[in-house]
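1. Could you look at this predicted model? Sequence included:
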Amino acid sequence: MDHKSLSLLRKEYRNSQLNESDLLPDPFEQFSHWFQQALAAELPEPNAMTLATVNEKGHPSARIVLLKEMNSKGFVFFTNYQSRKGEELEKNPFGAIVFFWHELERQVRIEGKVEKISAEESDNYFHSRPRDSRIGAIVSPQSKRIASRQVLEDKFSTLIAQTADSFIERPKHWGGYVLIPQQIEFWQGRPNRMHDRLVYSLTDTGVWEQFRVAP
(Lines give C-alpha, C1' and ligand atoms only; values in the text may rest on other atoms or scores of the structure.)
Protein backbone atom coordinates (compact mmCIF):
# COMPACT_ATOMS: atom_id res chain seq x y z
CA MET A 1 0.00 0.00 0.00
CA ASP A 2 1.24 3.48 -0.88
CA HIS A 3 0.81 5.20 2.49
CA LYS A 4 1.65 8.61 1.08
CA SER A 5 -1.08 8.37 -1.53
CA LEU A 6 -3.50 7.13 1.12
CA SER A 7 -2.83 10.14 3.33
CA LEU A 8 -3.55 12.46 0.41
CA LEU A 9 -7.00 11.03 -0.32
CA ARG A 10 -9.35 13.88 0.34
CA LYS A 11 -12.74 15.15 -0.81
CA GLU A 12 -14.28 18.52 -0.21
CA TYR A 13 -17.95 18.43 0.73
CA ARG A 14 -19.84 21.25 -0.95
CA ASN A 15 -23.33 19.97 -1.77
CA SER A 16 -25.36 21.41 1.06
CA GLN A 17 -25.55 22.78 4.59
CA LEU A 18 -27.59 22.07 7.70
CA ASN A 19 -28.83 24.90 9.88
CA GLU A 20 -30.84 24.82 13.08
CA SER A 21 -33.75 26.37 11.20
CA ASP A 22 -33.74 23.38 8.82
CA LEU A 23 -34.49 20.83 11.54
CA LEU A 24 -37.98 19.48 12.05
CA PRO A 25 -39.15 19.33 15.70
CA ASP A 26 -39.22 15.53 15.74
CA PRO A 27 -36.06 13.51 14.92
CA PHE A 28 -38.09 10.68 13.37
CA GLU A 29 -39.65 13.17 10.97
CA GLN A 30 -36.22 14.62 10.21
CA PHE A 31 -34.83 11.15 9.51
CA SER A 32 -37.80 10.33 7.28
CA HIS A 33 -37.23 13.59 5.37
CA TRP A 34 -33.56 12.78 4.74
CA PHE A 35 -34.36 9.15 3.92
CA GLN A 36 -36.91 10.19 1.30
CA GLN A 37 -34.26 12.42 -0.26
CA ALA A 38 -31.86 9.45 -0.31
CA LEU A 39 -34.54 7.40 -2.07
CA ALA A 40 -35.22 10.19 -4.57
CA ALA A 41 -31.49 10.35 -5.33
CA GLU A 42 -31.66 6.61 -6.15
CA LEU A 43 -28.75 5.77 -3.85
CA PRO A 44 -27.79 2.10 -3.71
CA GLU A 45 -29.38 0.48 -0.64
CA PRO A 46 -30.08 3.68 1.32
CA ASN A 47 -31.39 1.49 4.17
CA ALA A 48 -27.95 -0.09 4.72
CA MET A 49 -26.62 0.86 8.13
CA THR A 50 -23.66 0.01 10.31
CA LEU A 51 -24.76 -1.58 13.58
CA ALA A 52 -22.29 -1.54 16.48
CA THR A 53 -22.69 -3.69 19.59
CA VAL A 54 -20.50 -4.37 22.63
CA ASN A 55 -19.79 -7.64 24.43
CA GLU A 56 -19.53 -8.25 28.17
CA LYS A 57 -15.83 -7.29 28.13
CA GLY A 58 -16.56 -3.93 26.52
CA HIS A 59 -15.14 -4.98 23.15
CA PRO A 60 -17.08 -3.50 20.22
CA SER A 61 -18.00 -5.12 16.93
CA ALA A 62 -19.76 -3.67 13.89
CA ARG A 63 -21.41 -4.90 10.72
CA ILE A 64 -23.81 -3.75 8.00
CA VAL A 65 -27.48 -4.63 8.41
CA LEU A 66 -30.60 -3.36 6.65
CA LEU A 67 -33.24 -1.09 8.16
CA LYS A 68 -36.59 -2.75 7.51
CA GLU A 69 -38.95 -0.43 9.35
CA MET A 70 -39.00 2.86 11.20
CA ASN A 71 -41.93 3.46 13.50
CA SER A 72 -42.78 5.70 16.43
CA LYS A 73 -40.69 3.50 18.72
CA GLY A 74 -37.49 3.22 16.73
CA PHE A 75 -35.47 1.54 13.99
CA VAL A 76 -36.16 -2.12 13.17
CA PHE A 77 -33.79 -4.74 11.75
CA PHE A 78 -33.81 -8.54 11.63
CA THR A 79 -31.19 -11.17 12.34
CA ASN A 80 -30.36 -14.50 13.94
CA TYR A 81 -30.73 -14.12 17.72
CA GLN A 82 -27.88 -16.64 18.18
CA SER A 83 -25.45 -14.64 16.03
CA ARG A 84 -22.62 -12.63 17.54
CA LYS A 85 -24.70 -9.46 17.56
CA GLY A 86 -27.62 -11.32 19.06
CA GLU A 87 -25.48 -12.74 21.85
CA GLU A 88 -23.94 -9.33 22.54
CA LEU A 89 -27.33 -7.62 22.63
CA GLU A 90 -28.57 -10.27 25.06
CA LYS A 91 -25.81 -9.30 27.51
CA ASN A 92 -25.61 -5.58 26.74
CA PRO A 93 -28.88 -4.33 25.17
CA PHE A 94 -27.53 -1.08 23.77
CA GLY A 95 -26.28 -0.30 20.28
CA ALA A 96 -25.44 2.37 17.76
CA ILE A 97 -26.28 2.59 14.07
CA VAL A 98 -24.85 4.81 11.35
CA PHE A 99 -26.21 5.62 7.91
CA PHE A 100 -23.73 7.07 5.43
CA TRP A 101 -25.14 8.53 2.22
CA HIS A 102 -21.95 9.45 0.39
CA GLU A 103 -23.57 11.01 -2.65
CA LEU A 104 -25.52 13.41 -0.42
CA GLU A 105 -22.50 13.98 1.85
CA ARG A 106 -24.60 13.02 4.85
CA GLN A 107 -24.55 10.62 7.75
CA VAL A 108 -26.97 9.91 10.59
CA ARG A 109 -25.74 8.49 13.91
CA ILE A 110 -28.26 6.88 16.27
CA GLU A 111 -27.65 5.51 19.78
CA GLY A 112 -30.03 3.79 22.13
CA LYS A 113 -31.46 0.71 23.78
CA VAL A 114 -32.22 -2.39 21.70
CA GLU A 115 -35.20 -4.69 22.32
CA LYS A 116 -36.71 -7.66 20.51
CA ILE A 117 -39.91 -6.92 18.67
CA SER A 118 -42.95 -9.13 19.15
CA ALA A 119 -43.09 -12.67 17.76
CA GLU A 120 -46.09 -11.65 15.66
CA GLU A 121 -44.15 -8.79 14.04
CA SER A 122 -41.20 -11.09 13.36
CA ASP A 123 -43.55 -13.70 11.85
CA ASN A 124 -45.12 -11.13 9.56
CA TYR A 125 -41.77 -9.99 8.20
CA PHE A 126 -40.34 -13.52 7.93
CA HIS A 127 -43.27 -14.70 5.83
CA SER A 128 -42.95 -11.68 3.53
CA ARG A 129 -39.42 -12.76 2.55
CA PRO A 130 -38.69 -14.85 -0.56
CA ARG A 131 -38.95 -18.58 0.13
CA ASP A 132 -35.24 -19.23 -0.44
CA SER A 133 -34.31 -16.42 1.97
CA ARG A 134 -36.49 -18.03 4.63
CA ILE A 135 -34.74 -21.35 4.12
CA GLY A 136 -31.36 -19.61 4.24
CA ALA A 137 -32.25 -18.14 7.64
CA ILE A 138 -33.07 -21.62 8.93
CA VAL A 139 -29.98 -23.48 7.71
CA SER A 140 -27.33 -20.86 8.52
CA PRO A 141 -25.82 -21.03 12.05
CA GLN A 142 -24.87 -17.38 11.77
CA SER A 143 -21.47 -16.37 13.22
CA LYS A 144 -20.62 -19.99 14.11
CA ARG A 145 -17.62 -21.82 12.62
CA ILE A 146 -18.40 -24.17 9.74
CA ALA A 147 -16.19 -26.66 7.92
CA SER A 148 -16.86 -25.34 4.41
CA ARG A 149 -19.27 -23.54 2.12
CA GLN A 150 -20.42 -26.95 0.89
CA VAL A 151 -21.84 -27.71 4.32
CA LEU A 152 -24.26 -24.80 3.93
CA GLU A 153 -25.07 -25.64 0.32
CA ASP A 154 -25.91 -29.23 1.27
CA LYS A 155 -28.13 -28.17 4.17
CA PHE A 156 -29.87 -25.64 1.92
CA SER A 157 -30.52 -28.19 -0.85
CA THR A 158 -31.75 -30.78 1.63
CA LEU A 159 -34.26 -28.41 3.22
CA ILE A 160 -35.45 -27.21 -0.21
CA ALA A 161 -36.23 -30.82 -1.12
CA GLN A 162 -37.82 -31.64 2.23
CA THR A 163 -40.17 -28.66 2.37
CA ALA A 164 -41.24 -28.55 -1.31
CA ASP A 165 -44.35 -26.32 -1.28
CA SER A 166 -45.08 -26.71 2.44
CA PHE A 167 -45.41 -23.78 4.81
CA ILE A 168 -42.10 -22.68 6.35
CA GLU A 169 -42.35 -21.45 9.92
CA ARG A 170 -40.04 -18.81 11.35
CA PRO A 171 -37.36 -20.41 13.52
CA LYS A 172 -37.51 -19.18 17.11
CA HIS A 173 -33.86 -18.11 16.95
CA TRP A 174 -34.56 -15.59 14.17
CA GLY A 175 -36.44 -12.31 14.40
CA GLY A 176 -36.45 -8.56 14.76
CA TYR A 177 -34.97 -5.94 17.04
CA VAL A 178 -35.87 -2.30 17.48
CA LEU A 179 -33.26 0.28 18.45
CA ILE A 180 -35.03 2.87 20.58
CA PRO A 181 -33.06 6.09 20.15
CA GLN A 182 -31.79 8.21 22.98
CA GLN A 183 -29.68 10.42 20.71
CA ILE A 184 -29.71 11.08 16.96
CA GLU A 185 -27.11 13.18 15.16
CA PHE A 186 -27.54 14.56 11.64
CA TRP A 187 -24.22 15.26 9.91
CA GLN A 188 -23.86 17.31 6.75
CA GLY A 189 -20.45 17.54 5.06
CA ARG A 190 -19.12 21.06 4.58
CA PRO A 191 -15.92 22.54 3.04
CA ASN A 192 -12.67 22.62 5.02
CA ARG A 193 -13.92 19.87 7.34
CA MET A 194 -16.19 22.45 9.02
CA HIS A 195 -19.10 20.03 8.94
CA ASP A 196 -22.57 20.66 10.36
CA ARG A 197 -23.49 18.35 13.24
CA LEU A 198 -26.92 18.85 14.78
CA VAL A 199 -28.07 16.58 17.58
CA TYR A 200 -31.40 15.51 19.09
CA SER A 201 -31.00 14.18 22.64
CA LEU A 202 -33.87 12.71 24.66
CA THR A 203 -34.16 14.31 28.10
CA ASP A 204 -35.39 12.62 31.27
CA THR A 205 -38.76 14.29 30.74
CA GLY A 206 -39.17 12.68 27.31
CA VAL A 207 -38.56 15.90 25.37
CA TRP A 208 -36.10 16.05 22.48
CA GLU A 209 -33.41 18.67 23.03
CA GLN A 210 -31.66 20.08 19.95
CA PHE A 211 -28.11 21.42 19.87
CA ARG A 212 -25.03 21.77 17.65
CA VAL A 213 -21.67 20.11 18.26
CA ALA A 214 -18.30 21.00 16.74
CA PRO A 215 -17.07 18.93 13.77
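-> Yep, it's here. Note that the structure is predicted; figures quoted are calculated from it, not measured.

2. Now do the contacts for the spatially most central residue of the chain.
-> In the chain, the centroid-proximal residue (CA atoms, centre = their mean) is M49; its distance is 3.7 Å. For M49, the contact set (CB atoms under 8 Å, 6 or more residues apart in numbering) comprises I64, V65, L66, L67, F75, F77, I97, V98, F99. In short, each C-beta sits where N, CA and C put it, glycine included.

3. so where's this structure shaky on pLDDT?
-> 1, 3 (pLDDT under 70).

4. got the residue ranges for the helices in this structure?
-> In the chain, the segments counted as helices under DSSP state H are 3-8, 27-40, 84-91, 119-126, 131-139, 149-163.

5. Contacts for the fourth one, please.
-> What that stands for is helix 119-126. Taking CB under 8 Å, 6+ apart as the rule, helix 119-126 contacts K68, E69, F78, K116, R134, A137, R170, W174, G175, G176.

6. Redo the residues you listed as JSON lines? Include distance to H33 and neighbour count.
-> JSON lines is the format used below for the contacts of helix 119-126 (distance: CB to CB, whole Å; neighbours: other CB atoms under 10 Å):
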{"residue": "K68", "distance to H33": "19", "neighbour count": "13"}
{"residue": "E69", "distance to H33": "17", "neighbour count": "16"}
{"residue": "F78", "distance to H33": "25", "neighbour count": "20"}
{"residue": "K116", "distance to H33": "28", "neighbour count": "16"}
{"residue": "R134", "distance to H33": "33", "neighbour count": "19"}
{"residue": "A137", "distance to H33": "32", "neighbour count": "20"}
{"residue": "R170", "distance to H33": "33", "neighbour count": "18"}
{"residue": "W174", "distance to H33": "32", "neighbour count": "20"}
{"residue": "G175", "distance to H33": "29", "neighbour count": "22"}
{"residue": "G176", "distance to H33": "24", "neighbour count": "22"}
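
7. Now tabulate those residues in TSV and tack on distance to G58.
-> Formatted as TSV, those follow (distance: CB to CB, whole Å):
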residue	distance to G58
K68	29
E69	30
F78	26
K116	23
R134	35
A137	30
R170	33
W174	27
G175	26
G176	26
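
8. Mind picking the two most distant members of these?
-> Farthest-apart pair in these is K116 and R134; separation 18.9 Å (CB to CB).

9. Centre of the chain to stretch 9-24, how far?
-> 22 Å (CA atoms, centre = their mean, to the nearest Å).

10. measure the residue nearest to the centre of the chain to E56 for me?
-> Here M49 is placed at a distance of 24 Å from E56 (CB to CB, to the nearest Å).

11. Likewise for Q37?
-> 39 Å.

12. next one: I168
-> Counting by CB to CB, the gap from I168 to E56 is 34 Å.

13. Compare those two (neighbour count), which wins?
-> More neighbours surround I168 than the other of I168 and E56, with 16 against 10 (other CB atoms under 10 Å).

14. Next up, the contacts around the closest residue to the more buried one other than its chain neighbours.
-> Take I168 and drop its neighbours on the chain: the residue closest to it by CB to CB, 6 or more residues apart in numbering is R134, 4.9 Å away. Contact analysis of R134 by CB under 8 Å, 6+ apart lists F126, H127, I168, R170.

15. What pairs with the longest strand along the chain, parallel or antiparallel?
-> Longest strand in the chain, counting residues (DSSP state E): strand 174-188. Partners of strand 174-188 in the sheet, by DSSP bridges, are strand 75-80 (antiparallel), strand 106-116 (antiparallel), strand 196-202 (antiparallel).

16. No more questions from me, cheers.
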